[in-house]
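Undergrad: What shape does this take:
(chains A and B)
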Amino acid sequence: AQSVTQLDSHVSVSEGTPVLLRCNYSSSYSPSLFWYVQHPNKGLQLLLKYTSAATLVKGINGFEAEFKKSETSFHLMKPSAHMSDAAEYFCVVTERQNNLFFGTGTRLTVIP
Amino acid sequence: DGGITQSPKYLFRKEGQNVTLSCEQNLNHDAMYWYRQDPGQGLRLIYYSQIVNDFQKGDIAEGYSVSREKKESFPLTVTSAQKNPTAFYLCASSRTGGGEQPQHFGDGTRLSIL
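TA: Coordinates of the predicted model:
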C-alpha cells in the first residue's frame, strides 16, 4: 500500500539559510515521486519529479530532492532560502495510473 | 499561455442548493481531475477522467457529480447531498492518465456555505 508522510507540518528558517523539508513514503513498487508548492489561495505548482532516473533531482527555483530507496525518503532541499519561498509544500507519491497520494503538507516560513 | 482556468474564485452555497464549479484547460490534456483540500490536510481525489465521455469516482465522490462532454472542460457539481461542502476545490489535468505524468493545477475555487 502507498502512503506519504511529511515529517514536519511547519518549518521556519531565516532568509539565506538552508531549507530541508522531509518526506518519507511507502510503496510496494517503484514509485514516481513529486514535490509541489502552493502559495496562498493558489493551485499547486510542480517543483520537481523523480521517475527512476538520477537519484538527485533538480527542480525549479533552486530546489532539489534526493531519492533514497534504502531510507524510503525523498527530502526537498534548497541551499539558501528566499522570502518568496514561503509557501506550503506537498510531497506526492504514485505508482499506478491516477492513484496519487498527497502528504499533508509542510508550511515553510522564511524569517527576514 | 496554456493553462487551467477555474471559475468562480469564490462561491457561496445556500442549504439544499446544487452549485457547479467550472474547469477549463487549453493544454490539450487527455486526463482531468477534481480534488478537495481542507485545512491541514493533503488533497483528496473526488473524480477523474482519462478521456472524453468517461470518468471514475475517486476517494470521496459521494455528494458530487461530474461530466466530460468536451476534452477541455470538466465541471464539478456539488449537490445538496454533500453535507460538508465548505472547502477549497482544485482542478488539475495531465497529458495522459499515467501516474508518472505531472499534473497541472488551476488556482482553485473556494466554496462556503451561507
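Undergrad: Quick check: residues of chain B near chain A?
TA: Residues of chain B lying near chain A by CB under 8 Å from any CB of the partner chain: B:4, B:6, B:9, B:31, B:33, B:40-45, B:48, B:50, B:56, B:88, B:90, B:92, B:97-100, B:102-108, B:110. For glycine as for every other residue, the C-beta is placed from the backbone atoms N, C-alpha and C.
Undergrad: Relative to B:Asn84, how far out is B:Glu15?
TA: 12 Å (CB to CB, to the nearest Å).
Undergrad: Remind me which helix or strand the most centrally placed residue in chain B belongs to.
TA: Nearest to the mean C-alpha position of chain B, by CA atoms, centre = their mean, lies B:Trp34 at 2.8 Å. Using DSSP states H and E, B:Trp34 sits in strand B:31-37.
Undergrad: Identify the residues contacting the helix or strand that comes right after that strand?
TA: Later in the chain than strand B:31-37, the nearest helix or strand by DSSP H and E is strand B:43-51. Strand B:43-51 is contacted by residues A:44, A:90, A:97-98, A:100, A:102, B:30-38, B:55-61, B:64, B:66, B:68, B:74, B:76, B:89-90, B:96-97 when judged by CB atoms under 8 Å, 6 or more residues apart in numbering or on different chains.
Undergrad: And the strands in the chain, which stretches?
TA: As the question left the chain open, I've gone with chain A. Listed in chain order, the strands of chain A (DSSP state E) span A:3-6, A:10-14, A:19-21, A:23-26, A:32-38, A:44-50, A:56-58, A:64-68, A:73-78, A:87-96, A:99-102, A:106-111.
Undergrad: try chain B instead
TA: Going by DSSP E, chain B shows strands at B:4-7, B:10-13, B:19-25, B:31-37, B:43-51, B:54-57, B:64-66, B:76-78, B:87-94, B:104-105, B:109-113.
Undergrad: Let me see the mean pLDDT of stretch A:27-34.
TA: Throughout stretch A:27-34, pLDDT has a mean value of 82.
Undergrad: for it, which positions count as buried?
TA: Within stretch A:27-34, the residues scored as buried using 16 or more other CB atoms under 10 Å in any protein chain shown are A:Ser27, A:Pro31, A:Ser32, A:Leu33, A:Phe34.
Undergrad: picking that back up, with A:His82 as the reference, measure out to the closest residue to the residue nearest to the centre of chain B other than its chain neighbours.
TA: Spatial nearest neighbour of B:Trp34, excluding adjacent residues (CB to CB, 6 or more residues apart in numbering or on different chains): B:Ile46 at 4.3 Å. Separation of B:Ile46 from A:His82 (CB to CB) stands at 34 Å.
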